[in-house]
Structure formats: structure tokens, C-alpha cells
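K.L.:
Provided below for reference: sequence and predicted model.
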Amino acid sequence: MLSRLGIESIEDLISYYPREYHAPEFVSIQQLPEKEGQPVVIRGKVATTPMLDRRPGLTMLKIALSDQTGSVTCVWFNQPYLQQRLKRGRPVTLTGRYSSRFASFNVEQQDLDGNVPPKIQPRYPLTEGLTNRAMERIMVNALKTYQAPELLPEQFRQQHQLWEVNRALQAVHLPENEQQLEQGLRRLKFEELFVYQLTFRRWRQIKKSTRGHQHQQQPALKRLEAVLGFSMTDDQCRAIEEITRDMASPWPMNRLLQGDVGSGKTAVAAYGLLVAALSGWKGVLMAPTEILARQHLQTLTPVAAEFDVPVALMTGSLGQKQRAEVAEKIGKPGGMIVVGTHATFQQDVHFQDLSLVITDEQHRFGVQQRLALAAKGSNADVLIMSATPIPRTLAMSVYGDLDITTLQHKPIGRREVKTKIVEESQRRQVFDFITDKMQQGGAGYIVCPLIEQSEKIIAASVEEYQQLLHKHLPSWVGIEVVHGRMDAESKEQAVQRIRSGQSQLMLATTVVEVGVDIPSANFIVIENSERYGLAQLHQLRGRVGRSGQQSWCFLISPPGEVERLKVLERTTDGFEIARADLELRGPGQYLGVRQHGLNEFKVAEPWRDGEILDQSRRAAEEVLPVLATQPQWRKIEEIVTANIATLKS
């Protein structure tokens with residue numbers, strides 16, 4: 001069971017931290033209806049002989065528990081072995097939730113000696129067959145028998161007011177009070193962030209000490225603007241200056257370009273790719289999906305033609321002959337722009353003179369994927385782009401090896417998308433509204449969570465929604481269906497039919513989240529909006545409003561689910577939305593943290609732990625110069641060296 005949780009050793013076990021802590025509330029049996037559905041603790045005596053109800057795949061153990069205020073039926077699921085221990089008259093303490101529907105108390109945890117449970121109870125991520133109670137017992141035994149090695153010198157701990165590691169582990173797994181828990185967590189979070197900061201600062205030193213490509217020739221910005229059809233914003237011009245300066249330097253560029261949806265990152269990337277190609281080398285732009293790669297190709301082709309630069313597409317769907325032709329061009333010397341997907345960093349793709357690597361939608365790639373592509377060039381410049389903006393201090397932690405450029409403003413003339421939360425009962429009015437917009441020459445999207453109907457998940461599917469649209473929309477509306485099971489060519493053809501005006505409506509899953517650019521699109525309807533994070537909804541909303549016309553976004557959600565979504569009604573600022581999303585959901589996958597390989601924060605939460613983050617960063621800056629020379633840092637040095645080796649490989 002532990003193996004299913006990724007726990008293979010006692011070290012893994014000790015660092016398997018609770019996902020949350022529960023401070024149970026004691027109530028009398030008489031008070032249970034007032035606390036329905038909430039985790040509470042009751043105490044009393046077993047008033048009846050236990051009854052065991054066996055059904056296929058399920059056993060229910062029932063007793064009556066009484067205290068001075070009354071009695072209640074208590075139920076255990078699939079724990080028949082407790083029958084012999086629940087003797088009549090025995091005092092017990094039970095943690096669980098009351099259900100008025102069944103007039104019973106569903107037991108989640110028990111103390112059969114009637115002891116008062118600890119004030120704070122850890123709750124672990126579990127797997128089938130493993131209870132939280134069993135996990136607690138396992139952890140108690142582990143803490144008795146195992147002493148974790150101390151990585152931080154005593155003087156350093158005193159300077160930063162950090163507990164010794166085993167004291168901290170005890171406090172995190174078996175806290176006696178909130179103060180103890182807080183100190184234990186602080187120590188473990190600090191260490192995680194400290195090692196991460198040291199690793200990427202050391203990595204940055206290594207990168208800065210190696211010579212890269214010193215680009216010289218630069219394209220005329222006015223010519224580029226003429227081809228693109230718009231003038232760069234002040235933010236874009238500043239970003240171009242920073243990137244040009246980095247590329248002219250003899251040291252490899254490592255820069256993050258982050259900006260909200262529609263802030264113009266692709267135009268900045270186009271300039272960098274031209275700098276590489278006109279210098280006689282190759283620049284590659286890697287996208288997470290083929291739709292996005294082909295969209296970039298469409299943008300870059302006229303740009304490359306204006307400057308007489310070859311351009312090629314490398315994706316997994318290319319036929320063997322096409323792939324071989326592109327691979328041959330890539331393998332020859334000379335300036336060139338390459339656009340592709342993950343196919344560009346496959347082992348059988350060999351670049352000649354690769355000097356610039358750009359990855360788009362960085363949160364969909366890990367550090368190691370980015371490095372795998374960069375390794376195809378000799379110390380190539382690296383620019384990563386992200387439309388998931390995060391505050392600078394947090395970005396410095398998550399992207400510790402990178403310089404940061406932020407595009408704050410959108411191009412002049414872009415209107416804010418009007419966003420409205422709509423209940424399911426108002427869906428027909430939405431259909432009438434979008435029909436009117438399509439009659440006026442507009443187009444748009446309807447996004448569903450599922451491709452086909454599911455018995456397990458109650459949510460709209462593309463399959464059933466298609467029938468709904470045929471019933472309620474006029475017959476002249478052309479509907480294109482796009483989802484992840486379709487091949488890239490079919491998706492692209494569907495997009496082109498809407499761009500050309502043959503069709504007006506795209507019914508899709510979240511496959512359209514990035515890369516689909518339809519200038520005439522002026523509405524998007526997102527079904528089951530409550531199922532998505534705010535940042536993802538903001539990305540989907542970014543599919544419209546990409547021209548000067550007014551656009552609308554409708555978030556369809558059941559009653560009672562709208563409070564969280566009001567952030568999107570209130571603002572189109574990606575930074576504010578990202579901040580709200582983090583507060584609600586935590587960083588997790590949203591920041592791509594889990595994809596980095598090295599910075600899988602098990603306990604630290606950079607967004608919430610700002611003070612600890614700042615302290616660990618300052619400490620890392622002080623320690624880094626002496627890390628390799630002072631014996632007291634030998635253990636940390638070994639970890640950092642191993643992390644660097646992983647990055648290099």
C-alpha cells in the first residue's frame with residue numbers, strides 16, 4: 001500500500017507529510033444535527049451489541065452510542081474486525097460526520113479506550129485499504145526508530161532560529177499544539193527552499209561561466225512591425241532590448257518572458273528568432289501542442305519571408321519522408337527558424353548551429369525537457385515564455401535559474417472581454433445571444449469538460465452537447481468539433497474552416513486552451529466552469545478579444561458554485577487572477593513545480609511562505625560562496641552537486 005504512494009524506504013516515509021491538519025470539535029450527541037456534515041468528535045459508551053451487515057463488496061458495523069444527552073447509531077464501513085472490540089458498556093471516543101438522512105454517525109477514526117484525541121490531528125494522502133489511523137501508527141513507529149541526518153550546521157540554525165530536523169519531523173507528524181506545528185513546518189520549508197535556491201544559483205553560475213553564441217546581426221524593428229501589422233508596445237520594446245542584449249553577450253541567455261494572455265509574447269519571440277537566423281545560426285520555437293506550433297508557423301512564415309530566412313515545421317505527425325527532409329535541413333549549417341513540438345528534442349533530431357531555444361507555455365514543459373532541447377546546441381541561448389503570470393518574488397523562486405522579463409500591458413486597441421456567470425437555467429438566453437453575434441459575422445467557442453458522456457462524472461460532454469446545439473441553433477450555423485482524440489490535421493482543418501467563415505462555432509474540450517487563434521472569435525461559452533481553476537478559465541477566455549471588437553465570455557455553472565468565479569467577472573488582469581487561484585488552490589501543478597524534477601516541494605508553498613522564501617534566498621546568497629570550501633556544508637554540497645548532475649543529464 002505504501003508503495004502505491006511512492007513510499008519505498010523509511011526516508012520516503014518520514015518525508016511523506018500530512019496534506020492537512022484537523023482540530024476536532026467536541027460535541028454532545030444532542031448537538032449532532034446542528035453540525036451535520038462537519039468533522040466532529042463525540043464521546044460516550046457502547047449501548048448495544050455490535051451488528052454486522054454484510055453486502056456484496058461492503059460490510060457495515062453498527063452500534064448505538066449514548067451519552068448524557070441522548071444516543072446515536074454509529075457506522076463503520078469495511079472494518080468488521082472491530083466487532084469483537086466494541087463491547088457493550090465500553091467508553092469510546094469517535095471522530096466522524098453526522099448524516100440526518102440516515103440518522104447515523106459515520107465513523108472516520110476511533111479511540112476505543114475513550115481517550116481524548118490530540119488537539120491537532122494530521123491527515124495524510126491515502127490509498128485504498130490504508131486508513132489515516134494506520135498511517136499514524138506507522139509514522140509513530142518510524143519516528144521512534146529512525147533519526148534523520150541533520151543537514152544544517154548548528155550555528156546556522158541558531159542564526160535563522162530553526163529547529164533541529166528530528167524535532168521538526170516529530171512536530172509535523174505528531175504535533176501537540178499549533179506553536180509546535182508552526183516551528184516544525186518552518187524548519188522543513190526553509191530547508192526545501194534553501195536547497196532549491198542553492199541548486200539553481202550554482203547552476204546559474206555554471207551557465208554564466210561557459211561561453212555561448214555572441215549574436216550580432218539584428219533585424220530592423222520597423223520592418224518586423226510592418227509584416228506583423230502593428231507597433232510594439234513599450235513593454236515589448238523593453239523585452240526586445242533585454243533579449244537583444246543577452247543574445248549579443250558571449251554568455252548564454254537564460255530568460256523567462258512572462259505576460260498575460262494577448263500581451264504579445266510571440267512578436268517578441270519572432271524578433272529573437274530573426275536575430276539568431278540572421279546571425280547565421282538556428283533558432284527553434286517549441287510549443288506544447290501541434291495546433292499551437294502550426295499557429296506560430298502561420299505567424300512566422302511571412303516574417304521569415306520578409307527577411308529571406310528559411311522556416312520549417314517539426315512535429316510528431318509529419319510523415320516519414322517529410323520528417324527526413326526537415327531533419328536534413330536542420331542538420332545543415334546556416335541560419336534558419338524551426339517551429340515544432342516535443343518532436344524537436346527527440347534523440348534522432350540533430351541540429352547544426354543551434355543558437356536559440358524558445359519554449360512557449362513553459363508551465364506545460366519541465367526544466368529537464370527544456371534542457372534536453374537546449375543541449376542540442378552548444379550552450380544555446382534559452383528563452384521560455386509563459387502566459388501564466390506570477391509575482392516576481394515567486395517567479396524568482398520557481399524559476400530560480402532565469403532572468404525575468406514581464407509584459408504588463410496588452411497592445412493598444414484591445415478591449416476587455418466582458419465576462420458573465422450564468423446559471424444552467426439561462427443557457428437558452430446564451431444560445432440566443434451567440435446566434436445574434438454569429439448573424440453579425442462573429443464566431444466563437446463552446447468548451448465542455450468531457451468528450452463523451454460519463455457515468456462517473458456529472459459534466460457536459462461534446463458528444464451530447466452537439467445534439468443540444470442542433471436542436472436549439474439555426475441550421476445555417478456551421479459547427480466544428482475539436483477534441484484531443486482527433487489527429488492534428490483534422491483539428492487544423494476545423495480551425496481553418498472557422499477562420500475562412502465556412503463555419504461559425506467551435507465545440508471543443510480544453511484542447512483549445514492554447515494555440516487556437518481565430519480573429520473573428522468574439523464569444524466563448526464555458527460549460528461546468530466550476531470544474532476549472534481560475535487561471536485555466538482565464539486562458540480559455542484569452543481565445544477571444546484578440547482583435548479590436550468587443551467580446552464576451554459566459555461561465556455556465558450550477559447555483560452555489562459562483563462565488564469563486566466572481567474574480568473573473570471583476571477583472572481580466574492575469575496577475576490578480578493568478579494570485580486568487582494560488583490562494584484557492586495552492587501552487588501545485590499550476591506553476592509547473594511538479595514538472596521540474598528537482599523542486600518538487602513536499603511541504604513548502606512559495607506563494608504562502610513569502611517570509612520563509614525571502615529568508616532562504618538571502619541565506620543561500622550568503623552560503624553559496626563558501627558552500628564548496630567549508631566542511632560544515634559538505635552534506636548540502638553533495639545534494640546540490642547531485643541536483644546539478646541531474647540537470648546536466
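P.N.:
Arrived safely.
K.L.:
and after the strand or helix carrying residue 179, which helix or strand comes next?
P.N.:
Using DSSP states H and E, residue 179 sits within helix 178-208. Remark: after helix 178-208, the chain's next helix or strand is helix 221-228, criterion DSSP H and E.
K.L.:
touching that next one from outside, list them.
P.N.:
Outside helix 221-228, the residues within contact range by Cβ atoms under 8 Å, 6 or more residues apart in numbering are 231-232, 237, 240, 267, 270-271, 274, 299, 302-303, 306-307. Backbone N, C-alpha and C define where each C-beta goes, glycine included.
K.L.:
now do stretch 342-361: distance to the chain's middle.
P.N.:
24 Å (Cα atoms, centre = their mean, to the nearest Å).
K.L.:
is residue 603 part of a helix or strand, or is it coil?
P.N.:
In three-state terms, and counting by DSSP: H, G, I helix; E, B strand; the rest coil, residue 603 is coil.
K.L.:
show the pLDDT at it.
P.N.:
Per-residue pLDDT puts residue 603 at 90.
K.L.:
could you give the number of residues near it?
P.N.:
20 (other Cβ atoms under 10 Å).
K.L.:
next: residue 114.
P.N.:
Counted with other Cβ under 10 Å, residues neighbouring residue 114 total 13.
K.L.:
so it sits against residue 91, correct?
P.N.:
Yes: at 3.3 Å, residue 114 counts as touching residue 91 under the criterion of Cβ atoms under 8 Å.
K.L.:
now do the shared contacts for the two.
P.N.:
Joint contacts of residue 114 and residue 91 (Cβ under 8 Å, 6+ apart) are residue 43.
K.L.:
what segments of the stretch 1-150 of the chain are helices?
P.N.:
Under the criterion DSSP state H, counting those that start in this stretch, the stretch 1-150 of the chain contains helices at 10-14, 132-145.
K.L.:
export the ones you listed to CSV and tack on mean neighbour count?
P.N.:
Converted to CSV, the helices of the stretch 1-150 of the chain look like this (neighbours: other Cβ atoms under 10 Å):
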stretch, mean neighbour count
helix 10-14, 16
helix 132-145, 15
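K.L.:
quick check: phi and psi on residue 565?
P.N.:
Main-chain dihedrals, residue 565, degrees, to the nearest 10: phi -70, psi -10.
K.L.:
rewinding a little: ok, and the most crowded of the contacts of helix 221-228?
P.N.:
Most crowded among those, counting by other Cβ under 10 Å, is residue 274 at 27 neighbours.
K.L.:
the stretch 401-550 of the chain: helices as residue ranges?
P.N.:
For the stretch 401-550 of the chain, helices defined by DSSP H, counting those that start in this stretch occupy the ranges 427-439, 462-472, 488-499, 534-541.
K.L.:
for the first one, what is the average pLDDT?
P.N.:
What it means is helix 427-439. Across helix 427-439, the average pLDDT comes to 93.
K.L.:
what residues does that helix touch?
P.N.:
Helix 427-439 is contacted from outside by 422, 444, 469, 472-474, 477, 504-505, 522-523, 525, 552, 554, 556, using Cβ under 8 Å, 6+ apart.
K.L.:
let's see that with 10 Å instead.
P.N.:
Residues outside helix 427-439 that contact it (Cβ atoms under 10 Å, 6 or more residues apart in numbering): 420, 422, 442-446, 460, 468-469, 471-474, 476-478, 503-505, 520-525, 527, 549-552, 554, 556.
K.L.:
where in the stretch 251-400 of the chain is pLDDT low?
P.N.:
By pLDDT under 70, the weakly predicted segments of the stretch 251-400 of the chain are 347, 361-377, 389, 391-400.
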